[in-house]
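Colleague: sequence first, predicted coordinates after that:
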Amino acid sequence: MTSKFSAELFQLYCDTFPVKKVNRKSTCKPWIDKKILCLINECNRLFKKGFFQESQKLRNIVISEICKARKEHSAHMVNKLLYSNPKNFHKCIQDLMGKVSSKFLLLDSNGDPATADIINDYFASTCKAHPPLQNTLANSSVIEIPVIEIHQTRLKLENLDTNKSVYPGDIPTKLSVKCAPYLSVPLTAIFNQCFVDGVFPVCFKRAILSPTPKNKTPKVPSNLRPISKTSIFSKIFESFIYNFLFDDIQDKINPNQFGLRPNHSTTHY
């Protein structure tokens with residue numbers, strides 16, 4: 001049911017908002033705006049028609065505008081990074097200067113260059129090391145099955161961060177926020193049914209893994225940390241599960257436990 005709902009929703013999105021292809025030159029720099037592009041096109045048009053003097057004058061103007069735009073772009077990027085993310089300040093300076101950092105060489109167990117399949121098999125092996133959970137208490141009358149209300153799902157949809165990227169096959173986050181009143185009804189029914197059946201939908205388990213180095217020069221796959229990107233609906237369902245579990249065990253946690261607890265740190269001791 002969940003897979004069918006996600007597939008039909010994505011197909012409806014594709015039919016309503018068809019993909020529009022825009023051809024862009026790979027050499028187009030971020031400081032080249034529409035004004036400069038219009039001047040370049042006009043310069044080329046004059047040159048093709050044989051107005052060489054007018055084309056040369058316009059070409060000098062284009063060069064001057066490009067230099068000015070590049071300086072303004074560099075100053076803006078440096079100032080923005082200096083106040084927003086000082087840690088990457090020097091890296092941004094090197095990128096603006098054209099200095100490329102040396103790439104690390106990741107090796108497998110045999111000392112050969114690792115491929116994407118080797119890294120994927122290593123991450124998958126960590127999941128296969130543990131047996132799957134046995135759902136023996138799903139239909140037990142002792143367990144109080146939590147119930148999600150429609151307004152709770154709608155609130156989580158409306159509070160999604162629209163600046164974050166989405167999982168391939170998901171509808172855009174902005175569209176989920178706009179359609180929250182309509183999506184909250186079927187999603188709430190799916191979430192509650194998952195609680196009753198005691199299952200986590202397979203389509204919610206799919207993720208795109210981005211291997212992130214644990215150190216500066218990783219040499220083996222074990223030096224990589226998998227960062228998972230899951231679907232929007234999966235994140236919402238996980239947040240409900242977290243809230244129910246945390247509310248259930250909150251009074252059983254040792255008061256001296258500070259790690260991985262909200263609003264707790266060693267400074268509160």
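Modeller: Done, it's in. Residues are numbered from 1 along each chain as shown.
Colleague: all strands for the stretch 101-250 of the chain, in order.
Modeller: Counting by DSSP state E, counting those that start in this stretch, the stretch 101-250 of the chain has these strands, from start to end: 208-213, 224-229.
Colleague: let me see the domain layout of the chain.
Modeller: Here the domain assignment for the chain is 34-96, 103-134+144-249, based on automatic domain parsing.
Colleague: among these, which is nearest residue 5?
Modeller: For the domains of the chain, the distance to residue 5 is smallest for domain 103-134+144-249, at 6.2 Å, taking C-beta to C-beta. For glycine as for every other residue, the C-beta is placed from the backbone atoms N, C-alpha and C.
Colleague: now do that closest one, average pLDDT.
Modeller: Across domain 103-134+144-249, the average pLDDT comes to 84.
Colleague: and what of stretch 50-63?
Modeller: Averaging the model's pLDDT scores along stretch 50-63 yields 88.
Colleague: any buried residues in it, and which?
Modeller: Judged by neighbour count using 16 or more other C-beta atoms under 10 Å, the buried positions of stretch 50-63 are 55, 58, 59, 62.
Colleague: could the strands of the stretch 101-250 of the chain go into a markdown table alongside distance to residue 261 and mean neighbour count?
Modeller: Compiled in a markdown table, these are given as follows (distance: least, C-beta to C-beta, whole Å; neighbours: other C-beta atoms under 10 Å):
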| stretch | distance to residue 261 | mean neighbour count |
| --- | --- | --- |
| strand 208-213 | 25 | 13 |
| strand 224-229 | 22 | 15 |
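Colleague: and of those, who's closest to residue 131?
Modeller: Minimum separation from residue 131 across the strands of the stretch 101-250 of the chain (C-beta to C-beta) falls at strand 224-229, 20.4 Å.
Colleague: tell me the contacts of the residue nearest to the spatial centre of the chain?
Modeller: The structure's the chain has its C-alpha centroid closest to residue 165; by C-alpha atoms, centre = their mean the separation is 3.9 Å. The contact partners of residue 165, taken as C-beta atoms under 8 Å, 6 or more residues apart in numbering, are residue 229.
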